[in-house]
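> dropping a prediction and its sequence here:
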Amino acid sequence: MQSSHFAPVVWTTQGLAKLTEAIEQGQPFTLTHLSAGSGGYRPSEGQTQLQQQQQKVPILQAEQLTTTQVRFSAVFEGEAEYPVKELGVWSDNTLVAVHSASGEVLNYKSKDVAWLEIISLNLAALPSQQVSFATGVLNTNIFMAKELATSVYAHLRQGKSLIQQANQTLQLAMRLRKANIG
């Protein structure tokens, strides 16, 4: 579901303090988790947790899109079922940023269904060269398993045909050589 109006990400005071501390110590600021909850509201800078957090999962993949924009993904699994009305970005146990659209449903987590959330985050307000990600081990490409298997099968068949063609060409060249024609 898409929100009918723009709701910006709110950077928390404690998240910005942790970023400042990391910069002062010459360490990267590492984003580690994404959380989802069912509370819908207008986020505030003073938040230290989501209002109705349901799940908190590790960030699985991350990529730098531009110098000020990153994209990362997380998979929410399990028996939990809830309307997703709030999302939180974490650095270990520190809530760094919150997104909620005053009660609008951003998504829906169904029972026993894995839900892949992909977030693009604008880091223009932060020194993005200081932001890094700790990623988990689950590879979200598993969602493309059928497509990948079909592609691999097609490439293998093509390779087999090329090998057969090269073998026939080699055999023909050997016959021509024996006949002193080539």
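Cool, got the structure. Predicted model, so just to flag it, every value in this text is computed and none were measured.
> so which residue is dead centre in the protein?
The residue lying closest to the centre of the chain (Cα atoms, centre = their mean) is residue 73, at 2.0 Å.
> let me see the contact set for that one.
59, 60, 61, 62, 116, 117, 118, 119, 140 (Cβ atoms under 8 Å, 6 or more residues apart in numbering). C-beta here means a position set from N, CA and C on the backbone, and glycine is covered the same way.
> pick out the most distant pair among these.
Using Cβ to Cβ, the contacts of residue 73 reach their maximum pairwise distance at 62 and 116, which is 13.8 Å.
> distance-wise, check the residue nearest to the centre of the chain relative to residue 153.
27 Å (Cβ to Cβ, to the nearest Å).
> residue 69 too?
Residue 69 is 36 Å from residue 153, where distance means Cβ to Cβ.
> among these two, which residue is more densely surrounded?
Legend: neighbour count by other Cβ atoms under 10 Å for residue 69 and residue 153, higher for residue 69 (14 against 10).
> ok, residue 79 touching residue 112?
Yes - between residue 79 and residue 112 there is a contact at 5.9 Å, judged by Cβ atoms under 8 Å.
> and the helices in this protein?
Per DSSP state H, the chain carries helices over the ranges 13-24, 145-178.
> low-confidence ranges, this protein, go.
By pLDDT under 70, the low-scoring segments of the chain are 1-6, 127-130, 132-146, 182.
> for the protein, which segments count as strands?
Along the chain, counting by DSSP state E, strands occupy 10-11, 29-31, 33-37, 53-58, 61-64, 69-76, 82-84, 86-91, 94-100, 107-109, 115-122, 131-133.
> want to throw these into a markdown table with distance to residue 171?
Output for the strands of the chain, formatted as a markdown table (distance: least, Cβ to Cβ, whole Å):
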| stretch | distance to residue 171 |
| --- | --- |
| strand 10-11 | 69 |
| strand 29-31 | 59 |
| strand 33-37 | 59 |
| strand 53-58 | 56 |
| strand 61-64 | 48 |
| strand 69-76 | 51 |
| strand 82-84 | 63 |
| strand 86-91 | 62 |
| strand 94-100 | 65 |
| strand 107-109 | 60 |
| strand 115-122 | 51 |
| strand 131-133 | 54 |
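> between those, which gets nearest to residue 21?
Nearest of the strands of the chain (Cβ to Cβ): strand 29-31, 8.7 Å.
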